[in-house]
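S.K.: quick one, structure for this:
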Amino acid sequence: MNDDRISHSPKHILTGAREPIFKVLPAGVLANMAVEGSENALLWNLFYPLAQPTLELRDLMRIRPLWGTALSADDFRDRLTPFFWGYGVEGNRLEGLDAVLDSVDGAGSRTEIDLYLRGENHLVVVEAKNLAMPGRCSRYAAGRCPEIHRDETDTRGDCRYWEHDGARFEAVLEFGERPVPGAESPACDRHYQLGRTLLVGIALADMLGLTLHTWLVTPLTTWQRLERGWLDFAGRVRNESIWRRLRVLSWEEIQALPHG
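M.R.: Below you'll find the predicted structure:
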């Protein structure tokens, strides 16, 4: 692979820019790192120094969350290996991830989770936000939702997140009635990115035999704008044990942890 790919990252990457991962990361991830205020660069700069080579789950659980159930950190003894956008620092792909993405996303665009932290017993999936809001359904925004924006001649078929086993939002989230033509913005639009993240996390944790944790990481100042949407999403999670392992952590508290 052409080493020119690495040229996208050093401008905003503070350390570790020559790690092998930069030769395999998707072009979109690398391009984002060249943007001022890059969310991807911030994520790397935050977690890479902490996880050399691993990160202790207990340290993360000791952080007082912006939102989340109080849990004893001593119950979470595990060393976590980071996989940024599904890739380890050495460029290796996270075991089982591609098979899960095939099952959940099918032939469409792949769910791109910012960070996986894998231990012997636990799997943490992290959606990191700086200034942006969680993503909504681009097909709904473009007037191409196969459930709502269709007519009798439409041959696109149904939305897989309502139709296909292993990919249905309603299996894990209370999103209400299936959308119909003329409906207002449904929950599957408003919580599209977080819903897909949860589906992938559950499927991957089940495949690997690990306990899933689903976290949102955001600056303190951004949390004020995200809180209402997050509360609505979290309140729709059907499984209580999965709900109890949802957390929102601040960039600032994670940054204060001692480096590995």
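S.K.: can you list contacts of the lengthiest helix in the chain?
M.R.: In the chain, with assignment by DSSP state H, the single longest helix is helix 192-208. Contacts to helix 192-208, defined as Cβ atoms under 8 Å, 6 or more residues apart in numbering, come from residues 94-97, 99-101, 103-105, 111, 113, 116, 118, 123, 125, 127, 134-137, 140, 161, 166-167, 169, 172-173, 175, 188, 210-212, 214, 216, 230, 233, 237, 242. Backbone N, C-alpha and C define where each C-beta goes, glycine included.
S.K.: ok, of the residues you listed, which come out buried?
M.R.: For the contacts of helix 192-208, a neighbour count by 16 or more other Cβ atoms under 10 Å gives the buried set as 94, 97, 100-101, 103-105, 111, 113, 116, 118, 123, 125, 127, 134, 137, 140, 161, 167, 169, 172-173, 175, 188, 210, 212, 214, 216, 230, 233, 237, 242.
S.K.: after the longest helix of the chain, next one along is what?
M.R.: strand 211-218 (DSSP states H and E).
S.K.: which element is Val126 on?
M.R.: strand 122-128.
S.K.: what's the very next helix or strand once past that strand in contact with?
M.R.: Helices and strands here follow DSSP H and E; after strand 122-128, the next one along the chain is helix 138-141. By Cβ under 8 Å, 6+ apart, the surrounding residues in contact with helix 138-141 are 145-146, 148-149, 185-186, 189, 192.
S.K.: Arg79: which of these is nearest?
M.R.: Arg79 lies nearest to Tyr192 out of these, by Cβ to Cβ, at 32.8 Å.
S.K.: if I look at that closest one, what pLDDT would I see?
M.R.: On the pLDDT scale, Tyr192 is placed at 96.
S.K.: what about it, how many residues nearby?
M.R.: 22 (other Cβ atoms under 10 Å).
S.K.: and the one 3 residues further on, by the same measure?
M.R.: Residues within reach of Gly195, counting by other Cβ under 10 Å, total 24.
S.K.: can you pull out the low-pLDDT segments for the protein?
M.R.: Applying pLDDT under 70 to the chain flags the ranges 1-10, 150-157, 260.
S.K.: that one: strands as residue ranges?
M.R.: Under the criterion DSSP state E, the chain contains strands at 55-56, 67-68, 79-84, 87-88, 115-118, 122-128, 211-218, 246-250.
S.K.: neighbouring strands of the first one in the sheet, and parallel or not?
M.R.: Right, strand 55-56. strand 79-84 (antiparallel) (DSSP bridges).
S.K.: give the contact list for the nearest residue to Gly119 once chain neighbours are set aside.
M.R.: Distances taken as Cβ to Cβ, 6 or more residues apart in numbering place Asp78 nearest to Gly119, at 3.5 Å, with adjacent residues excluded. The neighbours of Asp78, taking Cβ under 8 Å, 6+ apart as the test, are 56-58, 119-122.
S.K.: quick one: the helices in the protein?
M.R.: Going by DSSP H, the chain shows helices at 27-32, 39-47, 57-61, 97-105, 138-141, 160-163, 187-190, 192-208, 220-234, 240-244, 251-255.
S.K.: how much space separates the nearest residue to Leu101 once chain neighbours are set aside from Ala17?
M.R.: Nearest residue to Leu101, sequence neighbours excluded (Cβ to Cβ, 6+ apart): Arg110, at 5.1 Å. Using Cβ to Cβ, to the nearest Å, Arg110 is found at 25 Å from Ala17.
S.K.: repeat that for Val100.
M.R.: 29 Å.
S.K.: and Leu117, by the same measure?
M.R.: 21 Å.
S.K.: residues of stretch 225-237 that come out buried?
M.R.: Buried residues in stretch 225-237, counted by 16+ other Cβ under 10 Å: 226, 230, 233-234, 236-237.
S.K.: which of the residues you listed sits closest to Gly37?
M.R.: Using Cβ to Cβ, the buried residues of stretch 225-237 come closest to Gly37 at Leu226, 16.8 Å.
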